[in-house]
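*Asks:* Have a look at this prediction, sequence included:
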Amino acid sequence: MTPGIKEQKEDVLFESAEERNEADPLLHDTEIRQHRGSVGTAGFLATDRVDIKFAVKEIQRDGAAPRRSSVEKMKRVARYV
């Protein structure tokens, strides 16, 4: 297993914002709080674990508006650790 995966270009490009929201919806307020807490913990852990630094940085990029895909990325890192 690897701590992170590269996104496929066809998964990232959408015709409109509505299409992206249907395919990869934003999280609700309680889910955002929980996700940010886990990302913060992973960020703290990444200072000692060089193998997860890049994956955690990529997850942190979604911090302003996390989506379902952000949660899946975080789950992958958590399973790796």
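*Replies:* Received, thanks. Numbering: from 1, shown residues only.
*Asks:* Could you use CA atoms for every contact and neighbour count after this?
*Replies:* Fine.
*Asks:* Give me the neighbour count for the closest residue to residue 81 other than its chain neighbours.
*Replies:* Leaving aside its chain neighbours, residue 81 sits nearest to residue 3 (7.9 Å; criterion: CA to CA, 6 or more residues apart in numbering). A count of neighbours around residue 3, defined by other CA atoms under 10 Å, yields 19.
*Asks:* shouldn't residue 3 be in contact with residue 49?
*Replies:* No. Contact criterion CA atoms under 8 Å: residue 3 and residue 49 do not qualify, at 11.0 Å.
*Asks:* show me what contacts residue 51?
*Replies:* residue 3 (CA atoms under 8 Å, 6 or more residues apart in numbering).
*Asks:* what's the spacing between it and residue 5?
*Replies:* Counting by CA to CA, to the nearest Å, the gap from residue 51 to residue 5 is 13 Å.
*Asks:* again with residue 53
*Replies:* Residue 53 sits 13 Å away from residue 5, going by CA to CA.
*Asks:* for residue 56, same thing?
*Replies:* 11 Å.
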